[in-house]
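Participant: here's a sequence, model it:
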Amino acid sequence: LRNGRVCEECIGKLPWRGIVYGCFRSSRLYSAPVVAAEIMHKIKKTWTETVDAYISLTDFGKRKFMECGLPGDRIHVKPNFLIDPPSPKHAKGEYAIYLGRLSGEKGLDVLIDALAILKTSIPQVLESFSLKVIGDGPLRAELEKYAEDKKLGEKIDFTGRKSHDECMELLSEASFLIMSSVCYENFPMAIREAFACGKPVIASRLGAMAEIVEDNKTGLLFNPGDSADLAEKIRWMTENEDACIGMGKNARASFESKYTADRNFAMLMDIYEKVLAKGGGQRA
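Facilitator: Presented below is the predicted three-dimensional model:
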């Protein structure tokens with residue numbers, strides 16, 4: 001992000017703007033050698049002539065890599081997977097859940113604003129609703145204060161960081177996951193884990209999230225940064241429990257068809273075989 005928004009000014013171009021904006025570690029000094037290295041590799045054609053294959057986690061990622069100049073016929077799509085997934089719990093959950101870093105690109109302010117809208121316009125929705133925010137990050141104190149200022153302190157539980165096993169247990173007891181990111185996200189692990197637990201996802205209609213979450217099938221999509229639209233999706237999910245559970249079953253089916261270890265291994269071997277069949281493996 002730059003100034004809170006997705007920036008694509010360097011896609012398909014020499015990335016000198018990265019120095020001007022200080023894109024790496026918010027520093028022009030740190031950005032300069034990164035940009036210089038990228039320009040050098042473009043000149044040497046490192047990425048287009050010396051690499052046999054690339055693996056992208058999503059079709060969205062593949063499209064972006066192609067826009068940056070990588071050859072599309074060498075980019076293979078293979079998502080991440082989850083070892084030893086839990087048994088899904090298809091039942092009404094006790095709360096909604098956010099799982100991730102507490103930083104600006106995750107759009108937690110949009111989520112809090114959405115709950116504030118519901119509190120004002122449809123307060124009955126929040127009577128049986130609560131949100132667990134799992135994770136930590138630089139904005140935690142600020143977000144906790146923001147929730148208190150919106151009179152939502154009793155509805156939002158900032159739990160802090162949890163272990164992976166604890167996160168999976170909390171997901172299993174949730175009604176649905178909320179991904180409010182205002183950045184693209186390449187392959188959010190939280191979505192994969194929610195699907196494994198049989199939970200639907202409300203996500204921004206942005207980047208790979210709009211590809212992984214099938215609208216009205218494995219979850220709901222809302223316009224990125226639009227707290228009113230997110231509020232409406234939360235209202236719908238909360239008031240339609242049976243449909244929510246049905247989406248959770250679809251989410252688990254999606255997990256089993258795409259994100260298991262066995263499925264992932266088969267996809268990886270297929271990529272290797274295709275590369276070797278083309279005479280690859282001799283280049284870096």
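Participant: how about the helices of the stretch 1-150 of the chain, start to end?
Facilitator: Taking DSSP state H, counting those that start in this stretch as the test, the helices found in the stretch 1-150 of the chain are 17-21, 28-44, 46-49, 59-67, 108-121, 140-149.
Participant: out of those, which is closest to Ile271?
Facilitator: In terms of C-beta to C-beta, the element of the helices of the stretch 1-150 of the chain nearest to Ile271 is helix 59-67, at 12.7 Å. (Each C-beta comes from the backbone N, C-alpha and C, glycine too.)
Participant: so for stretch 67-84, mean pLDDT?
Facilitator: Taken as a whole, stretch 67-84 carries a mean pLDDT of 95.
Participant: show residues contacting that stretch.
Facilitator: Stretch 67-84 is contacted from outside by 11-12, 42, 47-48, 51-59, 61-62, 65-66, 187, 189, 192-193, 196, 255, 258-261, 263-264, 267-268, 271, 274, using C-beta atoms under 8 Å, 6 or more residues apart in numbering.
Participant: again, only this time at 7 Å
Facilitator: With C-beta atoms under 7 Å, 6 or more residues apart in numbering as the contact definition, stretch 67-84 has outside contacts at 11-12, 47-48, 51-59, 62, 65-66, 187, 189, 192-193, 196, 258-261, 264, 267-268, 271.
Participant: stretch 158-172 too?
Facilitator: Contact with stretch 158-172 is made by 86, 89, 97, 99, 132-136, 140, 144, 177, 193-194, 197, 199, as judged by C-beta under 7 Å, 6+ apart.
Participant: quick one: least confident of those?
Facilitator: Within those, Lys89 has the lowest pLDDT, namely 88.
Participant: so what's that residue closest to, chain neighbours aside?
Facilitator: Nearest residue to Lys89, sequence neighbours excluded (C-beta to C-beta, 6 or more residues apart in numbering): Ser172, at 4.9 Å.
Participant: again, but for Pro138
Facilitator: Counting by C-beta to C-beta, 6+ apart, the residue nearest Pro138 is Ser103, at 5.8 Å.
Participant: what's the burial count for that neighbour?
Facilitator: 17 (other C-beta atoms under 10 Å).
Participant: pLDDT score assigned to it?
Facilitator: Looking at Ser103, its pLDDT is 96.
Participant: and the gap between it and Leu170?
Facilitator: In this view, Ser103 and Leu170 are 20 Å apart by C-beta to C-beta, to the nearest Å.
Participant: try Lys78
Facilitator: Counting by C-beta to C-beta - Lys78 and Leu170 are separated by 28 Å.
Participant: kindly export stretch 113-121 (C-alpha atoms) in PDB.
Facilitator: In PDB, the C-alpha atoms belonging to stretch 113-121 read as follows (Å, rounded to 0.1, in the frame of the first residue of the first chain):
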ATOM      1  CA  ASP A 113     -17.000   1.000  11.400                       C
ATOM      2  CA  ALA A 114     -19.200  -1.700  10.000                       C
ATOM      3  CA  LEU A 115     -20.200  -2.900  13.500                       C
ATOM      4  CA  ALA A 116     -20.700   0.800  14.500                       C
ATOM      5  CA  ILE A 117     -23.200   1.100  11.600                       C
ATOM      6  CA  LEU A 118     -25.100  -2.000  12.800                       C
ATOM      7  CA  LYS A 119     -25.100  -0.700  16.400                       C
ATOM      8  CA  THR A 120     -26.800   2.500  15.200                       C
ATOM      9  CA  SER A 121     -29.100   1.300  12.400                       C
END
